[in-house]
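Student: Sequence first, then the predicted structure:
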Amino acid sequence: MSTELLRTLDLVDHHCHGVVTSRLDRAGLEDLLTESDAPAPQGTTFFDTQLGFAVRRECAPVLGLPEFADPHEYVERRAELGPAEVNRRLLRAAGIGTYVVETGHRSDEILTPAQMGAVTSAGHAEVVRLEVLAEQAAADVDPVDFPAAFRAALDAALVTAVGVKTIAAYRGGLELDASRPTDEQVVAAAHAWTSEAEGEPLRLTDPVLLRFGWWEAVDRQVPIQVHVGYGDPDVDLHRCNPLLMTEFLRRTQGSGARFALLHCYPYHREAGYLAHVFPHVYCDVGLAVNFTGAQSPQVIAESLELTPFHKALFSSDAFGAAELFHLGALLFRRGLAQGLTRWGEQGGWPLDEQMRVAQLIGSGNARRLYGLDVAQPRPHEEGS
Amino acid sequence: MSTELLRTLDLVDHHCHGVVTSRLDRAGLEDLLTESDAPAPQGTTFFDTQLGFAVRRECAPVLGLPEFADPHEYVERRAELGPAEVNRRLLRAAGIGTYVVETGHRSDEILTPAQMGAVTSAGHAEVVRLEVLAEQAAADVDPVDFPAAFRAALDAALVTAVGVKTIAAYRGGLELDASRPTDEQVVAAAHAWTSEAEGEPLRLTDPVLLRFGWWEAVDRQVPIQVHVGYGDPDVDLHRCNPLLMTEFLRRTQGSGARFALLHCYPYHREAGYLAHVFPHVYCDVGLAVNFTGAQSPQVIAESLELTPFHKALFSSDAFGAAELFHLGALLFRRGLAQGLTRWGEQGGWPLDEQMRVAQLIGSGNARRLYGLDVAQPRPHEEGS
Amino acid sequence: MSTELLRTLDLVDHHCHGVVTSRLDRAGLEDLLTESDAPAPQGTTFFDTQLGFAVRRECAPVLGLPEFADPHEYVERRAELGPAEVNRRLLRAAGIGTYVVETGHRSDEILTPAQMGAVTSAGHAEVVRLEVLAEQAAADVDPVDFPAAFRAALDAALVTAVGVKTIAAYRGGLELDASRPTDEQVVAAAHAWTSEAEGEPLRLTDPVLLRFGWWEAVDRQVPIQVHVGYGDPDVDLHRCNPLLMTEFLRRTQGSGARFALLHCYPYHREAGYLAHVFPHVYCDVGLAVNFTGAQSPQVIAESLELTPFHKALFSSDAFGAAELFHLGALLFRRGLAQGLTRWGEQGGWPLDEQMRVAQLIGSGNARRLYGLDVAQPRPHEEGS
């Protein structure tokens, strides 16, 4: 199994965001290449990271620069080409066949799912964020009407969206009471929440309302993406261990809902365990592949210890910078190829079985999970 | 150090269960190849896992099929040969010299330790489960007599058994109060437990009684196997971190009891730490070797970071399917050989020292821990 | 990138202790080669560990013995040469350019920072332990004067010391309330502490006083070394996860203080996350490199997944045995070279960039963090 063989592997990026269309200066680009919310300390740069090195090595040539161009040249060249051309080049280089775009984060700064599809001639689908729906519903109606308003908003979103996402990990962590709250509890919590906000934008952190969102999504039997593990400094990472959801997963087994655990680093082995023992749990190491760069083959291999091959997913978790799509796809292909090659050599896996596993993880599992072949015409595939 | 060199390495499988003797259909076999309690989702199979691939690659030829036979053929061939022949072939292929069999799980469906020894011409010994002894004692006597009944049952079991096992991990987790309960507390807890059961089979989850079992075993200065980490969806995996036992291990240092932490994944580094700092703690990565398949060399190597070479153990944790014995032994030999080879090349370990380490881990440590050479005549060795 | 190329890499050992000058018998040496506080069980030896094998392979030749000399010969040869010559040979072999020596542990048995510098002709600097300063201040003054006495002691220490260290991990763990205690709270806690001591040596475990020490150090904007993760059996390892400090790190961002997370194993990925998202957090895998020996390249590589290359540090965490300096430096160079080589081959990192990363981690980051070039004349460099 060579990386070459996986160059044309069909990829469904089951969790990503849009790219920005604005011009990025050095600080703006660095900000998109880190999960930190602060600039690198004086005298240092986020280019001196696994991700930064991967950008210089792999993205520079796509923009017409020599490999490992220095950061200054790279930013200049980006400006010279302009954002549209940079996005076009890097997204096309990524070779992703379908984007499943989550639209709940800074959505006014980035391309919509349809625009992503148009730029890339790729298929596209949308995932909506539960907490955003809740914040909008709570802003619009009286607390007593919040349950109905949220349900209506969710139903409306799911007319087109193929799934939902929760960022409860960022809003207090994943250790929520696994029971379903009553509507009375939800109304009381909505009342407390909105009355405390005093005119500030609503930010959902109430555990009753977070659980309400989870259970409403479960009722609709849709894929539920869950932010797990690594993210920006807003998270208390030790509260984002997916094992904290064990009881909730136990109770929703057989409900028809399915869970896609996102990123998961450094809890990807724990996520693999959950994907192994629960039939409705899937997982990826999306974000971690980009951020661990040349070291990502190990992370990918670890994520495939317990995860059944019919449960592992590919995602870039790219946001904003088109580099993250290209690298997400490239590093995933490379790391997966490396693991498969080793398991082929040491474990005797035949090449056709290696390829079948790659196809499951690259696209097959996501198509099955999100019902993409049924629900989504994907023009780029009709033509191929 | 080649895998070849380890092909004849004497192995004591210090923690396993018996094989089933009934005929297994596809669903029955898949059920034994996963820790999930549900079938694989529609359109998928547990053969698409690290373990499933290892079965197809390594077990198929033992049954006279080509490597990587497809699952359908594999199950058919199994039926054709019949369970006795399948068990005979795979167990002999495993080349395990001594089985230390734990008899506390579905023991009416599987071979006894003596039967395992007879089928394989190998040595055998028994380990008894503390929670089963407690459940039997509580069913038999009045709560006020429970402490004495449990003690008597334990003493009786230890006439022949070489150690005990606890599955407290499955009964609420490992974070038990480290203090020894009084008999009054034990009687009260037994009373509450049995009166709440209302005729249902007794299932021990009371922390006082779990601790009572631990301390009684400590008093008898025997090896105490502890289920740690990965297992079926009954466990709350985050409550099975062996570090939660730290205070208990601290208090029992010097007691004469010894602890063998089983499986430990994904907490095998934590287990290695405990084995390093506490003189009475041993560990293995049993179950994880089978379930991580071609990726197991990394898990084995990680388990040997802090674990002293005189504290690491081999086990298959096989239950039911004879495949798990063959693969447990094969993957352990292969993974250990790979680690030793790398450490030889990069760290300059001479071949004789590599072999000595392999012998300690493969059998020497277990013989010392369980007193096997003293307590157990092992006929298969007398003949060799 | 060959290990050869890194042989002359300048190293700042940013966290170590002095070597002992007394003669070590077999038991004394083994005690320094383990984090256990008990001898190896009868019939076993701590030489049968990753560290023990590294000593036999790498240190034996430095003492004029063949590689992999047996432990008995090794201890004899050590005695023959005498401690001064053993220390001289192994420390010189280490090739460390600057020692940042922490003096808070058994400081009467080991060389001072200045003596370490003299033996090795290397630069040296001192780090003081907050808990020792607190214990001394509390022993000297009335509780009501404790805050002032501690502040004065800290100020006095920082006239020469380049930073502080906290071992709160050993004194209850890292999950301290992140808020700054008031002086009233501190006085009350000091009162309770000293009055309970009843003439016994004071040992600081009070969380209010531990937090007080942290905040006083933050106010002085100095590097604060934090014991994280693996250590001796005194620690409750699950209370030493650096993520437990997240809120404290969040509150001190922008304060001017910087944190160096030490050792971190098995939480080095978690530490890398913190170093990635917080601009004032650095980390190393010091102790773990020595103790994981031939397996340390994997640990080093994992620590460089998320840690920016401008935040990773080198340390040996050596205490007492000169072997730990030689091996700490050797294994670090070897493991880093191996990671860089792989990332060069698979990720296309040019050799000059590999070397620049090695220089940052080996010495550049520590010089910047501790202000070594400004504050510390380093005679060994003037001469080179």
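Tutor: Looks like it arrived, so ask away.
Student: Could you use CA atoms for every contact and neighbour count after this?
Tutor: Fine.
Student: Now do the helices in the stretch 201-350 of chain A.
Tutor: In the stretch 201-350 of chain A, the segments counted as helices under DSSP state H, counting those that start in this stretch are A:207-219, A:246-252, A:268-277, A:286-292, A:296-303, A:323-347.
Student: list the helices and strands the helix or strand following the longest one packs on?
Tutor: This means helix A:323-347. Next along the chain after helix A:323-347, taking DSSP states H and E as the criterion, comes helix A:351-359. Contact here means 3 or more CA pairs under 8 Å, 6 or more residues apart in numbering or on different chains; DSSP states H and E; on that basis helix A:351-359 packs against helix A:323-347.
Student: can you tell if the helix it packs on touches chain B?
Tutor: Yes: shown here: helix A:323-347 in contact with chain B (CA under 8 Å from any CA of the partner chain) through A:343, A:346-347.
Student: do stretch A:219-234 as well
Tutor: No: judged by CA under 8 Å from any CA, stretch A:219-234 and chain B are separated, with a smallest distance of 14.3 Å.
Student: Going by neighbour count, list what's buried in that stretch.
Tutor: A:221-234 (16 or more other CA atoms under 10 Å in any protein chain shown).
Student: Buried only: go through the residues of helix A:323-347 next to chain B for me.
Tutor: Listed as buried from the residues of helix A:323-347 next to chain B are A:343, A:347; burial here means 16+ other CA under 10 Å.
Student: Go back to the residues of helix A:323-347 next to chain B and keep what's next to chain C.
Tutor: Of the residues of helix A:323-347 next to chain B, not one also sits near chain C (CA under 8 Å from any CA).
Student: burial count for the residue of the stretch 1-150 of chain A found nearest chain C?
Tutor: Distance from chain C to each residue of the stretch 1-150 of chain A (CA to the nearest CA) is smallest for A:Ser36, at 3.9 Å. Look at A:Ser36: counted by other CA atoms under 10 Å in any protein chain shown, it has 22 neighbours.
Student: so what's it closest to, chain neighbours aside?
Tutor: Spatial nearest neighbour of A:Ser36, excluding adjacent residues (CA to CA, 6 or more residues apart in numbering or on different chains): C:Val277 at 3.9 Å.
Student: how many neighbours does the one you found have?
Tutor: Neighbours of C:Val277 using other CA under 10 Å come to 25.
Student: Quick one: name the residues of chain A near chain B.
Tutor: So chain A meets chain B at A:243-244, A:246-247, A:250, A:269-270, A:273, A:276-280, A:301-302, A:304-310, A:343, A:346-350 (CA under 8 Å from any CA).
Student: What score does the residue nearest to A:Thr21 when sequence neighbours are not counted have for pLDDT?
Tutor: Sequence neighbours aside, A:Pro83 is the residue nearest to A:Thr21 in space, at 5.7 Å (criterion: CA to CA, 6+ apart). As predicted, A:Pro83 sits at a pLDDT of 96.
Student: contacting residues around stretch A:77-94?
Tutor: For stretch A:77-94, contacts defined as CA atoms under 8 Å, 6 or more residues apart in numbering or on different chains pick out A:19-25, A:59, A:62-63, A:65, A:119-120, A:322-323, A:325-330.
Student: ditto for stretch A:116-127
Tutor: A:18-19, A:88, A:91-92, A:96-103, A:113-114, A:160-165, A:376-380.
Student: got the end-to-end distance for stretch A:105-120?
Tutor: 21 Å (CA to CA, to the nearest Å).
Student: Would you mark the buried spots in it?
Tutor: Buried residues in stretch A:105-120, defined by neighbour count with 16+ other CA under 10 Å: A:110-114, A:116-117, A:120.
Student: Relative to B:Val186, which of those is nearest.
Tutor: Using CA to CA, A:Pro113 comes nearest to B:Val186 of the buried residues of stretch A:105-120, at 62.3 Å.
Student: what sits against the closest one?
Tutor: Residues near A:Pro113 by CA under 8 Å, 6+ apart: A:18, A:99-101, A:103, A:124-126.
Student: again, 10 Å this time
Tutor: By CA atoms under 10 Å, 6 or more residues apart in numbering or on different chains, the contact set of A:Pro113 is A:16-19, A:99-103, A:123-127.
Student: could I get those as TSV with secondary structure and pLDDT?
Tutor: Putting these into TSV (DSSP: H, G, I helix; E, B strand; the rest coil; pLDDT from 0 to 100) gives the following:
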residue	secondary structure	pLDDT
A:Cys16	strand	97
A:His17	coil	96
A:Gly18	coil	94
A:Val19	strand	95
A:Tyr99	strand	97
A:Val100	strand	97
A:Val101	strand	96
A:Glu102	strand	94
A:Thr103	coil	88
A:Gly123	strand	95
A:His124	strand	95
A:Ala125	strand	96
A:Glu126	strand	96
A:Val127	strand	97
